[in-house]
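Peer 1: Quick one: sequence and predicted model below, then my questions.
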2 protein chains.
Amino acid sequence: MSLDTDDASDASATMGGFAHVDVPTAEIDRIEAVQAPLVAAVRRLVDVAIRTRAEGAELDAAVAGIVAATDRLAADAADGPAGVRFNSEGRSWNWGNAAVGVRNAVAPPLAIRFVDDTHVEGTADLGTAYEGPPGLVHGGVSALLLDHLMGETASRHHTQTTFTGTLTMRYEAPLPLGPVVLHGELTHQEGRKVHVTASISAADGPVSVSATGVFVIPRWAVDLWEQA
Amino acid sequence: MSLDTDDASDASATMGGFAHVDVPTAEIDRIEAVQAPLVAAVRRLVDVAIRTRAEGAELDAAVAGIVAATDRLAADAADGPAGVRFNSEGRSWNWGNAAVGVRNAVAPPLAIRFVDDTHVEGTADLGTAYEGPPGLVHGGVSALLLDHLMGETASRHHTQTTFTGTLTMRYEAPLPLGPVVLHGELTHQEGRKVHVTASISAADGPVSVSATGVFVIPRWAVDLWEQA
């Protein structure tokens, strides 16, 4: 069975663009495993393309090889962005997500783990493609990862839907390229307003960027919940 | 002439890791032009890799082609991150930068233009690799681009060196994938504290995310300036 990722229009339910698709979890897991070598190869290529000194015939041959491989992959591909899908088993997938998308070489990707309903941990390995100041993680990449982790934290382990309201980042120390860890905590909630704090740091380092955020549960999500 | 991007250690001057390298602007421009088809090919591959349904022999052949091309490019490549370099003509380049790096397929890239010393405009085309909510730009990608543009704005057209202190983002409206514009303004400065506001929106749309930031000129940069 091959997943047609264009089938969102046939979905039996959508909520704010989040599309229900009847594909079993086992099939989603299989596709992710099959595609893993591709995204790994693309991530390595992104890194090497920044650093290569190849020119002339060597460079031309490499570009031709990449174009040929891309044409092959494009011959059977979904149109448009990957979106966010979920199935009846509660599995969701967002392959193109810029922070966590497992099939997106722009994403480090950030891996997220719920410690409990209000505490979330994240890890990522930030290589040369995530640079800002020399040898350091770009401050905006820290913001990207914090934004995503804090949104997950606000969801109380995916029991509520939230959107980012405001986000404040405090830059405290440089963050070297390499492995990073993030911690998020849902500190309190007032009705539809969810308050979250978070930080990012090097694996054994001090806090580099700390953040506070207010996330908002949209009115339509409350209405859906009350109808259920 | 081929630029050895490992030569930062031989640089005649470094400031906070920003390395002076004696390579003429014409040579930097030439290298960027030579490498442009490679990064364009990699950006297209990143996009297609998210969406492909190729499996089996087709997928294997594509991965093999990418690995072979990458090996070719890696045979002569700089070690480590690209850093930030500048030459005696005042040209600077940061090829691996996660927001603006012209050789980095993780970067959209953001293109930046100084309207005057205190106003900056940015443009980017955000495709499927920058998705967060379905069909929308990831809020953290907006944060990444705003962080970078605001840092540039704080530099008063590169006449002062600043680091991000705090950054507050207000999420006001969804931002569809596609072309975006950013505006930054240096509103006021108190000694070493530089205050900046900015926004990001769709090409003809309302403000999606507005931001305020405080950027700090490090003490060592003031000292260097006073010694000069």
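Peer 2: Everything's here; your move. Remember, predicted model here, so these are calculated numbers, not experimental data.

Peer 1: quick one: contacts for A:L126?
Peer 2: With Cβ atoms under 8 Å, 6 or more residues apart in numbering or on different chains as the criterion, the residues that contact A:L126 are A:P108, A:V137, A:V141, A:L177, A:G178, A:P179, A:V180. Yep, even glycine has a C-beta here, placed from its N, CA and C like the rest.

Peer 1: From chain B, how far off is the residue nearest in space to the middle of chain A?
Peer 2: Residue closest to the average C-alpha location in chain A (Cα atoms, centre = their mean): A:V100, at 1.9 Å. Per Cβ to the nearest Cβ, to the nearest Å, A:V100 is found 10 Å from chain B.

Peer 1: next one: A:D71
Peer 2: Using Cβ to the nearest Cβ, we find A:D71 at a distance of 9 Å from chain B.

Peer 1: so how far is the helix or strand harbouring that residue off the chain centroid?
Peer 2: Using DSSP states H and E, A:D71 sits in helix A:56-74. Chain-centre distance of helix A:56-74: 28 Å, with Cα atoms, centre = their mean, to the nearest Å.

Peer 1: Whether the very next helix or strand once past that helix contacts chain B - can you check?
Peer 2: Remark: after helix A:56-74, the chain's next helix or strand is strand A:84-86, criterion DSSP H and E. Yes - with Cβ under 8 Å from any Cβ of the partner chain as the measure, strand A:84-86 is seen reaching chain B through A:V84.

Peer 1: so the helix or strand harbouring A:D29 versus helix B:25-51, what angle?
Peer 2: Here A:D29, judged by DSSP H and E, is contained in helix A:25-51. Taking axes from the mean of the first three to the mean of the last three Cα atoms, to 10 degrees, helix A:25-51 and helix B:25-51 form an angle of 170 degrees between their directions.

Peer 1: Which positions in helix A:25-51 come out as buried?
Peer 2: Residues of helix A:25-51 classed as buried: A:28, A:31, A:35, A:37-39, A:41-51 (neighbour count, 16 or more other Cβ atoms under 10 Å in any protein chain shown).

Peer 1: what about it, near chain B?
Peer 2: Yes - with Cβ under 8 Å from any Cβ as the criterion, chain B is reached by helix A:25-51 at A:34-35, A:37-39, A:41-42, A:44-46, A:48-51.

Peer 1: on that earlier part again, can you list the buried residues in the helix holding A:D71?
Peer 2: If you call a residue buried by 16+ other Cβ under 10 Å, then helix A:56-74 has these buried ones: A:L59, A:A62, A:V63, A:G65, A:I66, A:V67, A:A69, A:T70, A:R72, A:L73, A:A74.

Peer 1: Of the contacts of A:L126, which belong to strands?
Peer 2: Counting by DSSP state E, the contacts of A:L126 place A:G178, A:P179, A:V180 in strands.

Peer 1: Quick check on those residues: which are buried?
Peer 2: The neighbour-count test (16+ other Cβ under 10 Å) marks A:V180 as buried among the ones in strands among the contacts of A:L126.

Peer 1: Adding pLDDT, write the ones in strands among the contacts of A:L126 out as TSV.
Peer 2: Shown next, in TSV, are the ones in strands among the contacts of A:L126 (pLDDT from 0 to 100):
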residue	pLDDT
A:G178	97
A:P179	98
A:V180	98
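
Peer 1: Identify, from the ones in strands among the contacts of A:L126, the entry nearest to A:L146.
Peer 2: Each of the ones in strands among the contacts of A:L126 was scored against A:L146 by Cβ to Cβ, and A:V180 proved nearest at 10.5 Å.

Peer 1: List the contacts of the closest one.
Peer 2: Contact analysis of A:V180 by Cβ under 8 Å, 6+ apart lists A:T123, A:A124, A:D125, A:L126, A:V137, A:L145, A:I200, A:S201, A:A202, A:A203.

Peer 1: ok, back up a step: ok, the residue nearest to the centre of chain A to A:E121 distance?
Peer 2: 13 Å (Cβ to Cβ, to the nearest Å).

Peer 1: Now do the shared contacts for those two.
Peer 2: Common neighbours of A:V100 and A:E121 (Cβ under 8 Å, 6+ apart) are A:I112.

Peer 1: In terms of secondary structure, what does the helix holding A:D71 contact?
Peer 2: helix B:25-51, helix B:56-74 (3 or more Cβ pairs under 8 Å, 6 or more residues apart in numbering or on different chains; DSSP states H and E).

Peer 1: Could you give the number of residues near the residue nearest to A:P81 when sequence neighbours are not counted?
Peer 2: Spatially, and ignoring its direct neighbours in sequence, A:P81 is nearest to B:T128 (4.1 Å; Cβ to Cβ, 6 or more residues apart in numbering or on different chains). Residue neighbour count, defined by other Cβ atoms under 10 Å in any protein chain shown, stands at 24 for B:T128.

Peer 1: In contact with B:T128, which residues?
Peer 2: Listed by Cβ under 8 Å, 6+ apart, the contact set of B:T128 reads A:G80, A:P81, A:A82, A:G96, B:D47, B:I50, B:R51, B:L177.

Peer 1: Same check on A:F114?
Peer 2: Applying Cβ under 8 Å, 6+ apart to A:F114 gives the contacts A:V120, A:E152, A:H157.

Peer 1: Show me just the buried residues among these.
Peer 2: Among the contacts of A:F114, those classed as buried by 16+ other Cβ under 10 Å are A:V120, A:E152.

Peer 1: one step back: which one of the residues of helix A:25-51 next to chain B is nearest to B:E55?
Peer 2: Checking the residues of helix A:25-51 next to chain B one by one against B:E55 (Cβ to Cβ), the nearest turns out to be A:V34, at 5.8 Å.

Peer 1: Quick check, that closest one in contact with B:R53.
Peer 2: No - taking contacts as Cβ atoms under 8 Å, A:V34 lies outside contact range of B:R53: 10.2 Å.

Peer 1: tell me, what's touching the two both at once?
Peer 2: Residues touching both A:V34 and B:R53 by Cβ under 8 Å, 6+ apart: none at all.

Peer 1: With only the CA atoms kept, save stretch A:81-97 in PDB.
Peer 2: The C-alpha trace of stretch A:81-97 is given here as PDB (Å, rounded to 0.1, in the frame of the first residue of the first chain):
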ATOM      1  CA  PRO A  81       2.900  20.900   1.400                       C
ATOM      2  CA  ALA A  82       2.700  17.800   3.600                       C
ATOM      3  CA  GLY A  83       0.300  19.300   6.100                       C
ATOM      4  CA  VAL A  84      -0.500  17.600   9.400                       C
ATOM      5  CA  ARG A  85      -2.400  14.300   9.200                       C
ATOM      6  CA  PHE A  86      -3.800  12.000  11.900                       C
ATOM      7  CA  ASN A  87      -5.500   8.600  11.800                       C
ATOM      8  CA  SER A  88      -8.100   6.900  14.000                       C
ATOM      9  CA  GLU A  89      -5.400   5.300  16.100                       C
ATOM     10  CA  GLY A  90      -4.300   8.700  17.400                       C
ATOM     11  CA  ARG A  91      -1.000   8.700  15.300                       C
ATOM     12  CA  SER A  92      -0.200  12.100  13.800                       C
ATOM     13  CA  TRP A  93       2.500  13.000  11.300                       C
ATOM     14  CA  ASN A  94       3.700  16.300   9.900                       C
ATOM     15  CA  TRP A  95       6.600  15.200   7.500                       C
ATOM     16  CA  GLY A  96       7.300  18.700   6.200                       C
ATOM     17  CA  ASN A  97       7.400  20.500   9.600                       C
END
